[in-house]
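Trainee: prediction below, plus the sequence it came from.
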Amino acid sequence: MVKECLLCEQTLDATPSWQSLLGLDQQAFICGDCSNSFKRADIDIKEEGTTIDRTTSLYKYNAAMKEFLHQFKFLQDVALAEVFADDLRRVLKKDAIIVPIPMHPAKKVARTFAQVEALLKSANVPYMDVLEKTDMVSMGEKTKAERLAMPSLFKVKTNVTIKPTTYIVVDDIYTTGTTLRHAATALKEAGATRVEAVTLIRA
Amino acid sequence: MAYTFNTEVKNFLSGRIWLRAHTPFPAETIDAYIASGDIQIIPGIKSEKTTWSQMKHICNRCQNDEPSRFTTFDCAKCEGPCTYCRKCLKMGRVSTCTELIIWAGEQTVYPTIHSFAWNGILTTHQQKASEELMRSTELQRSHLIYAVCGAGKTEILFQPIYQLLTEGKRVCIAAPRVDVILELEPRLREAFPSTLIEALYGGAKPGIGPAQLILATTHQLYRFQEAFDVVFVDEADAFPYTADETLEHAVKKAVKKSAPIHFVTATPSKQLIAGRKRNASISTIQRRYHGHPLPVPRYETLWHYTRHIKKGSLPKKLLTWTAQRLQKQEPFLIFFHNIALMELAEPLFQKLDAGVKAIHAAHPERKEIVRSLRNKQLPGLLTTTILERGITIPNVQVAVIGAEQKIFDKGALIQIGGRVGRSSDHPDGDFVLFHHGITYAMDDAKTEIIRLNEGGVSW
Ligand SMILES: [Zn+2]
Ligand SMILES: [Zn+2]
Ligand SMILES: [Zn+2]
């Protein structure tokens, strides 16, 4: 079967390399050109003892990434979850409980999938969907002051127990950090000892 | 019935296959027509088990059946495995739980009175081709107009199109690239001032009037089903439709049963010729309308041009060539094989003249920039191969940087050269291939151009 780049549709080089013969290479979903158009951010901020003890972001929000997110979320191209699967798997290979930032159920049905869950599924990372949204107001519609003054955005689901251990909350993009802080607060108030955050993109 | 019949809905949906959730009409209106049976619902994806009990999917909008172009996922809407088509994704996703709609009611009747305002004169060659095309149309057989770049292909279509319009037929001109559509649109509007014409391409919003003459990129054809009495496919071989099969698929779905599909191109593929050769429905024009020969490419070595550009300097020959164009005030196009290299070169050219601009397929102001070059507001453009077809700029001079690159195949080089010397005021011009080694494609293109100029038949 001819494989094409998920983003630009050019045919991917089918000649097997020695890595592929040894089963060492990662499966290619995009071509070299597209891959080079994404820029690493490699942000790793450690603030032990604060709401979020450590924040990791993998990529910059450049034009290519903007385009990627548009195709993934707006055009609902779930297949694109594969593109950064290896990157995510690598940073999430930890002894911790992975928690995706939840989407409002109605929004999830409208989009047909929750993007963070799709990313985690493709990365083959086990996760626990322990949080839920408290209201449906979108972050983008609020001013900064309103966002800071807002009551809790998330709460721990009623039938879930939070263990005294490390949790990692995962989101697609880090913009102001409010979303992640709210999620971390909810987890810590319920008994989590440490909360880390991982986002694919840093705006 | 609790609704009044709305001709707008009929006119819009006639011949179309559309996403139920994305029509220009209120949902209640669409619901009412579904209830009355005027609108029929079709599932987005047809899935069947094959003998090997694998699933075989077909997209009901674009007819894609390539397994690699489908993705199946856990759908939160239909709460199960849901398959979507990645081929036509950009037109709004079609998945298993997506509903497509078609108009099943009384069909739109198109006017038979049109005005034909073109008063140019066809050359004998053009006239002959035009008549042959009309004859094939009458016989409902596919026809190929194989004409060199600058032969005046569009004018050949005018008379046959007029004939069809006056018969109340619905006609489509399809082209693979938006540039070709944008170039055609004003000419057709001028030729048929009283006809309702609609140009459809990515980003253009479809109107709701009963358009009888449709200009569409081949992608947009996915949204039509048994709509047209004739389709003319312009520049039939052009990227991304080099595979004629894909193109024919889309076109075949858009035409009515047994309606003819005609092709117009300067660089037909072997299959395209073979398909039409059987019933002798090919018209060939090897002379440009002004009678002057096609410009033959000349070769110039440009060793290690990539290294030069990366180091921040233009190779001397290229510098001289560009400086000459600027000094003589001749508009120019310089073709690059990749965007990154072109963007590195852009500031180097701007040192010669700040007005030089680089454009590529995804450039947001691409239309405006090309127009500025045509209006002499810019001295010249750097471009990727997007501009190789359908662009007429009087007295334009053309250079290819890295003519040995794979993307510059025979067809692409012939088309690029076809930009030169199109107007009778400037029937000549420079067509230079700067290269780091000569390829078969370069030689083949040159041989073909010389053969066409000598009047030889090329199949
Ligand atoms: Zn790519
Ligand atoms: Zn499709
Ligand atoms: Zn579904």
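Mentor: Cool, got the structure. Residues are numbered from 1 along each chain as shown, chains lettered A, B, ... in the order given. Ligands and ions are numbered 1, 2, ... in the order given.
Trainee: now the helices for chain A?
Mentor: A:18-21, A:32-37, A:63-69, A:85-92, A:105-111, A:115-122, A:144-149, A:178-189 (DSSP state H).
Trainee: confirm that B:A32 sits in a helix.
Mentor: Yes: assessed by DSSP: H, G, I helix; E, B strand; the rest coil, B:A32 belongs to a helix.
Trainee: can you give me the mean pLDDT across whatever helix or strand B:A399 lives in?
Mentor: Assigned by DSSP states H and E, B:A399 belongs to strand B:397-401. For strand B:397-401, the mean per-residue pLDDT is 95.
Trainee: buried stuff in it?
Mentor: Residues B:397-401 are the ones in strand B:397-401 that count as buried (16 or more other Cβ atoms under 10 Å in any protein chain shown). Every C-beta, even on glycine, is put in place using the N, C-alpha and C of the backbone.
Trainee: which of these sits closest to ligand 1?
Mentor: Among the buried residues of strand B:397-401, B:I401 lies closest to ligand 1 (Cβ to the ion), at 22.4 Å.
Trainee: what sits against that closest one?
Mentor: With contacts defined as Cβ atoms under 8 Å, 6 or more residues apart in numbering or on different chains, B:I401 is in contact with B:302, B:305, B:318, B:334-337, B:341, B:345, B:434.
Trainee: let's see it at 6 Å
Mentor: Applying Cβ atoms under 6 Å, 6 or more residues apart in numbering or on different chains, we find B:I401 in contact with B:336, B:434.
Trainee: nearest to B:H249, of the helices of chain A?
Mentor: Closest to B:H249 of the helices of chain A, according to Cβ to Cβ: helix A:32-37, at 26.5 Å.
Trainee: now the closest residue to ligand 1 within the stretch 351-459 of chain B. Its backbone dihedrals?
Mentor: Residue of the stretch 351-459 of chain B nearest ligand 1, by Cβ to the ion: B:A362 (12.6 Å). Phi and psi for B:A362, reported as degrees, to the nearest 10, are phi -90, psi 10.
Trainee: how about the one 10 residues further on?
Mentor: Note on B:S372: its backbone torsions stand at phi -60, psi -40 [degrees, to the nearest 10].
Trainee: ok, it touching B:P379?
Mentor: No: in this structure B:S372 lies outside contact range of B:P379 using Cβ atoms under 6 Å: 10.1 Å.
Trainee: of these two, who's got more company?
Mentor: Set B:S372 next to B:P379 and count neighbours by other Cβ atoms under 10 Å in any protein chain shown: B:P379 wins out with 20 against 15.
Trainee: of all the helices of chain A, which lies closest to B:C75?
Mentor: Using Cβ to Cβ, these put helix A:105-111 closest to B:C75, at 9.1 Å.
Trainee: quick one: buried residues of that closest one?
Mentor: Buried residues in helix A:105-111 (16+ other Cβ under 10 Å): A:108-109, A:111.
Trainee: pLDDT score assigned to residue 17?
Mentor: The chain I'm using is chain A. 50.
Trainee: my bad, chain B
Mentor: 96.
Trainee: show residues contacting the helix or strand containing it.
Mentor: In this assignment (DSSP H and E), B:I17 forms part of strand B:17-19. Outside of strand B:17-19, the residues within contact range by Cβ under 6 Å, 6+ apart are B:61, B:92, B:100-102, B:225.
Trainee: let me know the closest of the buried residues of helix A:105-111 to ligand 3.
Mentor: A:V109 (9.7 Å).
Trainee: from memory the closest one sits against B:C75, does it?
Mentor: No: between A:V109 and B:C75 no contact is recorded; they are 9.1 Å apart, counting by Cβ under 6 Å.
Trainee: mind checking how far the residue of the stretch 351-459 of chain B closest to ligand 1 is from A:L7?
Mentor: Using Cβ to Cβ, to the nearest Å, B:A362 is found at 12 Å from A:L7.
Trainee: okay, those two: which has more neighbours?
Mentor: A:L7 (21 against 11).
Trainee: for the more buried one, which non-adjacent residue is spatially closest?
Mentor: A:C34 (4.5 Å; Cβ to Cβ, 6 or more residues apart in numbering or on different chains).
Trainee: got it, and A:L131?
Mentor: A:F154 (4.6 Å).
Trainee: my read is that that neighbour contacts A:A183, right?
Mentor: Yes: in this structure, A:F154 is within contact of A:A183 by Cβ under 6 Å, at 5.2 Å.
Trainee: find the residues that touch each one of those two.
Mentor: In contact with both A:F154 and A:A183: A:L131, using Cβ under 6 Å, 6+ apart.
Trainee: neighbour count winner among those two?
Mentor: A:A183 (28 against 21).
Trainee: could I get the contacting residues of that one?
Mentor: A:101, A:131, A:154, A:169.
Trainee: just curious, which of those residues is nearest to chain B?
Mentor: When the contacts of A:A183 are ranked by distance to chain B (Cβ to the nearest Cβ), A:I101 comes first, at 15.7 Å.
Trainee: pLDDT at the closest one, what is it?
Mentor: At A:I101, pLDDT is 97.
Trainee: circling back to that earlier point, would a markdown table of the contacts of strand B:17-19 with secondary structure and distance to B:H249 be doable?
Mentor: Shown next, in a markdown table, are these (DSSP: H, G, I helix; E, B strand; the rest coil; distance: Cβ to Cβ, whole Å):
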| residue | secondary structure | distance to B:H249 |
| --- | --- | --- |
| B:R61 | coil | 12 |
| B:G92 | coil | 20 |
| B:L100 | strand | 17 |
| B:I101 | strand | 21 |
| B:I102 | strand | 18 |
| B:Q225 | coil | 13 |
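Trainee: are any of these buried, and if so which?
Mentor: Buried subset of the contacts of strand B:17-19 (neighbour count, 16+ other Cβ under 10 Å): B:61, B:100-102, B:225.
Trainee: make TSV from those residues and add distance to B:V109 and pLDDT to it.
Mentor: What follows is these, written out as TSV (distance: Cβ to Cβ, whole Å; pLDDT from 0 to 100):
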residue	distance to B:V109	pLDDT
B:R61	26	93
B:L100	25	98
B:I101	21	97
B:I102	18	96
B:Q225	19	94
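Trainee: ok, of those residues, which one's closest to B:G15?
Mentor: Out of the buried ones among the contacts of strand B:17-19, the member with the shortest distance to B:G15 (by Cβ to Cβ) is B:Q225, at 6.6 Å.
Trainee: quick check: the gap between the residue lying closest to the closest one once chain neighbours are set aside and B:Q271.
Mentor: The shortest distance from B:Q225 to any non-neighbouring residue, by Cβ to Cβ, 6+ apart, is to B:I17 (4.4 Å). From B:I17 over to B:Q271 the distance is 27 Å, taken as Cβ to Cβ.
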